[in-house]
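1. Have a look at this fold, sequence not included:
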């Protein structure tokens, strides 16, 4: 079992930055691929960014490329999402997720094995 707890959300203005953190515990999470998803009110949960177990391979959805950076610190069991140049359309609950299967599966909601409870990010215009 893997437990994930997100933190770092809040209310910011357009153009500001935030860094989300995901603290993982339980099994050896360093062997898991990790990802961030988000869900805006009234919309489906969507993929944001993923990082492979070794921290080398990364993938981003198009709308955040160049603005968001995912990283991980396996020694501390932490995963980060640095979000710069935030836009009102980035407003959503942000979820950390983990899976131990192929990296490709990490980009699908149904490909993840464990989820956190989310942290709310609100970007005002």
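-> The structure has been received and is ready for your questions. Keep in mind that this is a model prediction, so the values were computed, not measured.

2. Every contact and neighbour count from this point should use C-alpha atoms.
-> Noted.

3. List the beta-bridge partners for residue 120.
-> residue 93 (DSSP bridges).

4. Then the one 4 residues further on?
-> The residues paired with residue 124 through beta bridges, assigned by DSSP bridges, are residue 13.

5. cool, residue 98 as well?
-> residue 34, residue 114.

6. and it, what does it touch?
-> For residue 98, the contact set (Cα atoms under 8 Å, 6 or more residues apart in numbering) comprises 32-35, 106, 112-115.

7. What is the lowest-pLDDT residue among those?
-> Of all the contacts of residue 98, the model is least confident about residue 106, whose pLDDT is 90.

8. So for residue 81, what's the pLDDT?
-> So, for residue 81, pLDDT stands at 98.

9. what is it paired to in the beta sheet?
-> residue 20, residue 70.

10. any idea how far it lies from residue 109?
-> Here the criterion is Cα to Cα, to the nearest Å. By it, residue 81 lies 18 Å from residue 109.

11. Likewise for residue 57?
-> According to Cα to Cα, residue 57 and residue 109 sit 19 Å apart.

12. Distance check, residue 13 against residue 86.
-> 8 Å.

13. quick one: common contacting residues for these two?
-> By Cα under 8 Å, 6+ apart, the residues touching both residue 13 and residue 86 are residue 123.

14. Compare neighbour counts for those two and give me the winner.
-> residue 86 (23 against 14; other Cα atoms under 10 Å).

15. give the contact list for the more buried one.
-> Counting by Cα under 8 Å, 6+ apart, residue 86 has contacts 13-17, 67, 123.

16. Per-residue pLDDT of it, please?
-> 98.

17. Which strand or helix spans it?
-> Using DSSP states H and E, residue 86 sits within no helix or strand.

18. And the spatially most central residue of the chain, which helix or strand is it part of?
-> In the chain, the C-alpha nearest the mean C-alpha coordinate belongs to residue 36, at 2.0 Å (Cα atoms, centre = their mean). Following DSSP H and E, one finds residue 36 within strand 33-39.
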